[in-house]
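> return a 3D structure for these sequence lines:
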Amino acid sequence: MLPLRARGGAAVRLEPIRSDDPRDVLRALRGAVLGAGPAVALGGGRELPAEVPGGTAVVLTTSGSTGVPKSVALSRSALTSSALATAARIGEGHWLLPLSGGYIAGVQVMVRALVAGREPAILAGRFSARAFAHAASGMRSTERGEAVPTYTSLVPAQLQTLVDAAAEDADVRRALASFHTILVGGQALPPALRERAAEWGARIVRTYGSTETSGGCVYDGVPLDGVRVATVDGELRIAGPTLAEGYVGEPRRTAETFVADPAGTRWYRTGDAGTVAGGIVSVAGRIDNVIVSGGVNVSLDRVERVVQGVPGLEGAVVVGGAHERWGETPVVVVAGEHAPELLDRARAVVEGELGKPARPDRLVTLPELPRLPSGKPDRRAIARAVGLPARD
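Okay, the predicted model is just below:
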């Protein structure tokens, strides 16, 4: 038996899906979420058992930006609870899927559509502003004479592509404004990018969550119905019906990550620093994404968020680099050529908000930023590309 929470029912077969094509994943999810199975294994890369405990719908293997693989078991109940809570928060309608089917954000778009009894529109192949606009234009439909609201989910890099294209392309502008809600998650959303999207009529909702929480479970800082968020020693913890069962084949990791309080409530330790005040969740960044610069702890996530607020650096990524005097300092990495004075602006803004030790030491340009299939920056590959050691 797997080191997961015990659930009722006989074990179910686990069927690997080798393709990330959303159309292939959707066919498999239909039985896993709405029917009797089999459960679906997505992501690949690890040897998994032939069967999983009853109630499991998806085992999603992902290494994220850290390179450490993990196979997260998600129950049918957790996935559908998340989908229903999303509908209760933003409404029901027709979903467009522009994301990979091998990551939780893409899976959840499909689950939301399945639970609502609608086929999602799918943008397959390489993401582009033109392809997105074309897919959005074909989603207009009505029920009983009333227009059906449309929804989609993006990562910040995709939203950046759309916002940049909207300046010259009226079709992209219309597409951005056509959605009732655009969920954006997977990484921090720069405020400047959100403001630019709003100028084109996009209604953005920033989401926070992970595979272990069945995707986004906090919308614009407010937990979904049934979800609880608290802090313990500065770390955000999440409880509620959307939590994963655990990690397949890893009892120690499961026990360390999913913990019970004295009242018996099960919590997921996110590894993120943050606060909860007045019911609003604020995320400061990864607890382990910290360097020591001149004897001072510096959060690279916080530096990155400040740097992304500088016009021209909205898509920047900040990594840690060795420094002869200070030990380590933040390094700004951007795609394409950028004016040298942007580094001076970034240093001044960061010093003003976070102090001198947090100032970036240099700005490095790459032809393009390496990205994971999920659309997130591949921080390990970025560090290697600029000649810096990858942080584990």
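> what residues are bridge-paired with residue 39?
On DSSP bridges, the residues paired with residue 39 through beta bridges are residue 14.
> which of the residues in stretch 286-293 are buried?
In terms of neighbour count (16 or more other CB atoms under 10 Å), stretch 286-293 has its buried residues at 286-287, 289-291, 293. In short, each C-beta sits where N, CA and C put it, glycine included.
> sorry, slip of the keys, the one I care about is stretch 166-180.
166, 171-173, 175-176, 178-180.
> what sits up against it?
Residues outside stretch 166-180 that contact it (CB atoms under 8 Å, 6 or more residues apart in numbering): 90-91, 93, 96, 129-130, 132-134, 136-137, 139-140, 149-152, 162-163, 165, 182, 197, 200-203.
> what's the following helix or strand after the worst-scoring helix or strand of the chain on mean pLDDT?
For the chain, using mean pLDDT, DSSP states H and E, the weakest element among its helices and strands is strand 142-143, scoring a mean of 77. Downstream of strand 142-143, the first helix or strand assigned by DSSP states H and E is strand 146-147.
> what average pLDDT does that following strand get?
Strand 146-147 carries an average pLDDT of 86.
> tell me which strands that strand pairs with, and in which orientation.
strand 142-143 (antiparallel).
> ok, and what's touching the strand it pairs with?
Counting by CB under 8 Å, 6+ apart, residue 148 sit against strand 142-143.
> next one: that strand to chain centre, how far?
31 Å (CA atoms, centre = their mean, to the nearest Å).
> same check on stretch 86-103?
Taking CA atoms, centre = their mean, one finds the center of stretch 86-103 at 13 Å from the center of the full chain.
> repeat that for stretch 202-211.
For stretch 202-211, the distance to the chain centre is 8 Å (CA atoms, centre = their mean).
> and what of stretch 247-260?
Using CA atoms, centre = their mean, the offset of stretch 247-260 from its chain centre is 21 Å.
> name the residues of that stretch that come out as buried.
So for stretch 247-260, counting by 16+ other CB under 10 Å, buried means 247-250, 254, 257-258.
> of those residues, the lowest pLDDT goes to which?
Scoring these by pLDDT puts residue 249 last, at 89.
> that residue and residue 71 touch, don't they?
Yes. Counting by CB atoms under 8 Å, residue 249 touches residue 71, with 6.9 Å between them.
> between those two, which contacts overlap?
In contact with both residue 249 and residue 71: residue 48, using CB under 8 Å, 6+ apart.
> where are the low-confidence patches of the stretch 51-200 of the chain?
The model of the stretch 51-200 of the chain has pLDDT under 70 over residues 63-68.
> could you redo the last one with a cut-off of 90?
54, 62-69, 100-103, 124-126, 140-147, 155-157, 186-192 (pLDDT under 90).
> now do the strands in it.
51-52, 56-62, 70-75, 94-97, 121-122, 142-143, 146-147, 150-154, 181-184 (DSSP state E, counting those that start in this stretch).
> can I get those strands in CSV including mean neighbour count and distance to residue 357?
Formatted as CSV, the strands of the stretch 51-200 of the chain follow (neighbours: other CB atoms under 10 Å; distance: least, CB to CB, whole Å):
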stretch, mean neighbour count, distance to residue 357
strand 51-52, 22, 47
strand 56-62, 25, 33
strand 70-75, 26, 33
strand 94-97, 24, 43
strand 121-122, 20, 47
strand 142-143, 9, 57
strand 146-147, 10, 53
strand 150-154, 25, 34
strand 181-184, 22, 31
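> can I get those strands in CSV including distance to residue 221?
Compiled in CSV, those are given as follows (distance: least, CB to CB, whole Å):
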stretch, distance to residue 221
strand 51-52, 34
strand 56-62, 25
strand 70-75, 24
strand 94-97, 23
strand 121-122, 29
strand 142-143, 32
strand 146-147, 29
strand 150-154, 18
strand 181-184, 13
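> of these, which is nearest residue 370?
For residue 370, the closest of those is strand 56-62, at 16.4 Å, according to CB to CB.
> okay, now the sheet partners of the closest one, with direction.
The strands beside strand 56-62 in its sheet (DSSP bridges) come out as strand 39-42 (parallel), strand 70-75 (antiparallel).
> now find how far off-centre stretch 250-268 is within its chain.
For stretch 250-268, the distance to the chain centre is 22 Å (CA atoms, centre = their mean).
> what lies in contact with that stretch?
3-4, 70-71, 212-213, 228, 230, 237-239, 243-244, 246-247, 269.
> just the CA atoms of it, as CSV, please.
Written as CSV, here are the backbone C-alpha positions of stretch 250-268 (Å, rounded to 0.1, in the frame of the first residue of the first chain):
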residue,chain,number,x,y,z
GLU,A,250,7.7,8.9,-0.2
PRO,A,251,6.3,8.4,3.3
ARG,A,252,8.9,10.6,5.0
ARG,A,253,8.3,13.5,2.6
THR,A,254,4.5,13.1,3.0
ALA,A,255,4.8,13.1,6.8
GLU,A,256,7.0,16.2,6.8
THR,A,257,4.9,18.2,4.4
PHE,A,258,1.4,17.2,5.5
VAL,A,259,1.1,17.6,9.3
ALA,A,260,-1.8,17.5,11.8
ASP,A,261,-2.4,20.0,14.5
PRO,A,262,-3.6,19.0,18.0
ALA,A,263,-7.2,19.3,16.9
GLY,A,264,-6.6,16.8,14.1
THR,A,265,-6.7,19.3,11.2
ARG,A,266,-4.4,18.3,8.4
TRP,A,267,-2.2,21.1,7.0
TYR,A,268,0.1,21.4,4.0
